Structure formats: C-alpha cells, structure tokens
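J.: only geometry, no sequence info:
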C-alpha cells in the first residue's frame, strides 16, 4: 500500500547547560523545519502528489451519466465542484474528507458509465493534502470512496456501478498512506475474515473462502445459464446472461454469519463481497 507522509515541526527551545555561562540567560535557537516527505505510491498505476491546489476543469462533460453525480455535502466536495469537476463520492475520515471526482463520463454497457480523468482528493480543514490519480491501465479509473472494515478509506475503480476495491488509504495529522488491499478483511468486530479474492476466478477463489471457515450454501438450480454448478460451484444463487454477466454466490458459518460474493464476466472474476454478522442476520 502506498505511503505519503506530511510532517510539521515547530520551533524548539534549545538550552545546553554545559556551555551556557551561569551569568548568561538561556538563548532560543530556532530549529530548521524538516521538509515534508514527498508523496509516494506502492500501488501500480496509482500515483499520489501534494499539489498546492486543485486545477480547474472548466465544466465536466458527463453526457447522459448525470445520475452518477453526487450533490456535494462536504466542504471539500463543494471546493471540488466549484473547480468544475463532477463529484462522484465523498467520505469523511478522522477530520479529513476524501472526494472522488471526474472530468468526463460516458454511458456504457448495462447502465454503467466509463470515466476519464477521475481522481481522489484528500482535504483537511479545506486544504488539499493529497491528490491520487490512476493511469487507467495498470489501475482502473477511480469511481468512489468508502470505508474499509478496518476503518480506512477504501478506493474503488472500474466502471461506475460495476467497480471493485483497488486500494486503502490511511490519513492522520502527519501522514497519508496509500496501500494495496490487505490479504484479508475482518468483519463482525474482527471475529470473522474473508480473504482478498478480488479478481480471482470463483472456481479457485472458493477454495480460499472455504479454507477461511465459510461453507457453501447450495443454490436453487433455476435460472442457471453457466456450467458453474457442474464445475462444483454449488453455492451459485443466480447469474445474469447479459450485460456484465454478474453471478452471486452464498456462504455461511456455523456461528450465523453469512457471506455474499459477486463475480463478473465470462471468467467469473470476483468483484466484491459483503458479510452479514450474526446479530444482523437475526
């Protein structure tokens, strides 16, 4: 996961009793402020910088994708919108505000929208702290921001409405860290885990899911258009034969938690998952 740190030092009062004469008054020496560490990224295709300000975009060209635009509810969101960008998503985190926005969007398959020049901006008290950008090749265009189960900012990328988590961001008063997703997400107060199987074929991803203590819940054979059940994927609930080819799979634990997994495309690549804890299930 990529790291960007910001450090601020104040003047320090320095007195050396070994060299200051007894008759002299202690002197104040101003320490040289340490330079703020340069932004960096550990995630392929994602770059991060600390610009002096957000560049203007003029007016966002979103075509018929007007429904993906979010009305800014945060101070940072309004700053971004005032610069001519289309705000897609906002998330507060420990006194900071993360905004995902784009300069251009166009309609695509199954009601999705393809983005151009999408970025994530991190603000604190109205000041731009960092700007995260995707190259759109090694990493998908950023689509939204939320919170991870661990309470970090989580960035998603891909097609709007059909995206996938791509990176986590930790931010505090002194640093910003952009990093790859963890090997496992913990849910239900940390009592259960789900391995990071995003991008994997469900036929192999399920082995890791089962090894993590989740049992497949046999699905209804109606409306199955794939051979997945014949391949042993008995937990398939349903599949769409058109558009992005979304398929859903169900798992459960003896302790009552349930897990839903979604895959996309002919390769059945896992795009995401969600957990319902025992108390929520009841």
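T.: Alright, I've got the coordinates. What you are looking at is a predicted structure, and each value in this text was computed from that prediction instead of being measured.
J.: and this structure, split by domain according to the record?
T.: 3-179, 185-281 (automatic domain parsing).
J.: can I get these in JSON lines including mean pLDDT and mean neighbour count?
T.: C-beta here means a position set from N, CA and C on the backbone, and glycine is covered the same way. Formatted as JSON lines, these follow (pLDDT from 0 to 100; neighbours: other Cβ atoms under 10 Å):
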{"stretch": "domain 3-179", "mean pLDDT": "81", "mean neighbour count": "17"}
{"stretch": "domain 185-281", "mean pLDDT": "91", "mean neighbour count": "16"}
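J.: where along this protein do the helices fall?
T.: Here the chain has its helices, by DSSP state H, at 75-82, 202-211, 278-281.
J.: Serialize the ones you listed to CSV and add fields for distance to residue 160.
T.: Formatted as CSV, those follow (distance: least, Cβ to Cβ, whole Å):
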stretch, distance to residue 160
helix 75-82, 17
helix 202-211, 23
helix 278-281, 27
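J.: out of the ones you listed, the one nearest residue 259 is which?
T.: helix 202-211 (7.2 Å; Cβ to Cβ).
J.: contacts for the closest one?
T.: Residues from elsewhere that reach helix 202-211 (Cβ atoms under 8 Å, 6 or more residues apart in numbering): 194-195, 197, 200, 216, 228, 231-233, 235, 247, 249, 251, 259, 261, 263, 268-270.
J.: show me the residues you listed that map onto strands.
T.: 194, 195, 216, 247, 249, 251, 259, 261, 263, 269, 270 (DSSP state E).
J.: of the residues you listed, closest to residue 76?
T.: Closest approach to residue 76 among these (Cβ to Cβ): residue 194, at 30.8 Å.
J.: thinking again about what came up before, for residue 158, state which of the ones in strands among the contacts of helix 202-211 is nearest.
T.: Nearest member of these to residue 158, counting by Cβ to Cβ, is residue 269, at 11.0 Å.
J.: for the closest one, name its beta-bridge partners.
T.: Taking DSSP bridges, one finds residue 201, residue 264 as the beta-bridge partners of residue 269.
J.: need the contact list for it.
T.: Taking Cβ under 8 Å, 6+ apart as the criterion, residue 269 is in contact with 198, 199, 200, 201, 202, 263.
J.: now it: how far from residue 62?
T.: With the distance defined as Cβ to Cβ, to the nearest Å, residue 269 ends up 28 Å from residue 62.
J.: for the residue nearest in space to the middle of the chain, which residues are in contact?
T.: In the chain, the residue lying closest to the centroid (Cα atoms, centre = their mean) is residue 155, at 1.7 Å. Residues near residue 155 by Cβ under 8 Å, 6+ apart: 100, 120, 132, 142, 144, 145, 165, 166, 167, 168, 169.
J.: what are the bridge partners for the fifth one, then?
T.: For residue 144, the beta-bridge assignment (DSSP bridges) gives partners residue 156.
J.: list the contacts of it.
T.: With contact taken as Cβ under 8 Å, 6+ apart, residue 144 is in contact with 88, 89, 100, 155, 156, 160, 163.
J.: I'd say the fifth one and residue 147 touch.
T.: No - with contacts defined as Cβ atoms under 8 Å, residue 156 does not count as touching residue 147, sitting 11.6 Å away.
J.: which elements pack onto the longest strand belonging to the chain?
T.: Longest strand in the chain, counting residues (DSSP E): strand 162-171. Packing partners of strand 162-171 (3 or more Cβ pairs under 8 Å, 6 or more residues apart in numbering; DSSP states H and E): strand 96-102, strand 119-124, strand 127-134, strand 142-147, strand 153-159, strand 175-179, strand 269-276.
J.: check contacts around the closest residue in space to residue 78 that isn't next to it in sequence.
T.: Computed as Cβ to Cβ, 6 or more residues apart in numbering, the closest residue to residue 78 that is not its neighbour in sequence is residue 72, at 4.6 Å. If you count contacts by Cβ under 8 Å, 6+ apart, residue 72 has them with 78, 80, 81, 87, 90.
J.: next one: residue 52
T.: Contacts for residue 52 (Cβ under 8 Å, 6+ apart) come out as residue 128.
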